[in-house]
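Engineer: using only what follows, build the 3D model:
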Amino acid sequence: MRSIDISMPLRPDMPAFPGDPPFRSTPVQELARGDPYRLSRLELGSHTGTHLDPPGHFLVDGAAADAFDLDTLCGPCEVLEVRPRGPAIVAQELDALARGTTRVLLKTPNSARWTGGLRFFEDYVGLGLDAARRLIERGVKLVGLDALSIESDSSGSYPVHRALLSAGVTILEGLLLAAVEPGPYELLCLPLRIAGGDGAPARAVLRPS
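Structural biologist: Numbers count the residues shown, from 1 in each chain. Reported below is the predicted structural model:
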């Protein structure tokens, strides 16, 4: 059983959502200059690369990143390939999702675009509000997407985030799914335990079922 790493590598030239802090790694100790070991200072935003959104990201009284239920983040999941006709996934395009699925990772045309270089593109495919409501109705507890945000919302109101987080659905963003075939997997996703955090970078791995 071979594990598939679906997380973004943290590196200085990695993409960042507009307005988010860029990732930086600055050497503090270096063997080349006679220091006894290597050590770096890391600078990054709480939503850098592959990361999880807790309720507190958008909800005033929402739980923080250190309160994630690890049982929600690890377990059986379905990778569903979706090729939406428009800029957002609609409810009908989720009909192939098996009943009883509690964790779903959505593979869209975004994945192929990441293979051409990890650069942010504004016209990414997001999840539409009706599709988010369909997932909530189905009892999904975790939804992941191959974009740095689960939705593309020009209004600034972020209805998809608010709907999902209000319903207790965990959001996993920034996935690399180009090499992943649709189907059932075991998801292992562990976020940094940031006390009071509004988000948490994570390492996400799939194992074939």
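Engineer: going forward, measure contacts between C-alpha atoms and count neighbours the same way
Structural biologist: Will do.
Engineer: where are the low-confidence patches of this protein?
Structural biologist: Judged by pLDDT under 70, the chain has its weakly predicted residues at 1.
Engineer: spit out the contact partners of the residue nearest in space to the middle of it.
Structural biologist: Per CA atoms, centre = their mean, the C-alpha nearest to the average position across the chain is that of E173, at 1.5 Å. Contacts of E173 were listed using CA atoms under 8 Å, 6 or more residues apart in numbering, and they are G49, T50, H51, L52, D53, G144, L145, D146, A147, L148, S149, I150.
Engineer: which one of those is nearest to D198?
Structural biologist: Distance to D198 across the contacts of E173 (CA to CA) is lowest for D53, with 7.0 Å.
Engineer: phi and psi next, for the closest one.
Structural biologist: phi -100, psi 120 (degrees, to the nearest 10).
Engineer: correct me, but it touches L172?
Structural biologist: Yes: using CA atoms under 8 Å, D53 is in contact with L172, at 6.5 Å.
Engineer: picking up where we left off before, among the contacts of E173, which are located in strands?
Structural biologist: Among those, the members falling in strands (DSSP state E) are H51, L52, D53, G144, L145.
Engineer: how close does the second one sit to G117?
Structural biologist: When you say that, I think you mean L52. The gap separating L52 from G117 is 22 Å, by CA to CA, to the nearest Å.
Engineer: these two: who's more crowded?
Structural biologist: L52 (30 against 10; other CA atoms under 10 Å).
Engineer: list the contacts for the more buried one?
Structural biologist: Counted by CA under 8 Å, 6+ apart, L52 has contacts A65, T170, I171, L172, E173, P191, G199, A200, P201, A202.
Engineer: can you list those residues in JSON lines and add distance to V180?
Structural biologist: Shown next, in JSON lines, are the contacts of L52 (distance: CA to CA, whole Å):
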{"residue": "A65", "distance to V180": "27"}
{"residue": "T170", "distance to V180": "21"}
{"residue": "I171", "distance to V180": "19"}
{"residue": "L172", "distance to V180": "16"}
{"residue": "E173", "distance to V180": "16"}
{"residue": "P191", "distance to V180": "21"}
{"residue": "G199", "distance to V180": "25"}
{"residue": "A200", "distance to V180": "23"}
{"residue": "P201", "distance to V180": "21"}
{"residue": "A202", "distance to V180": "18"}
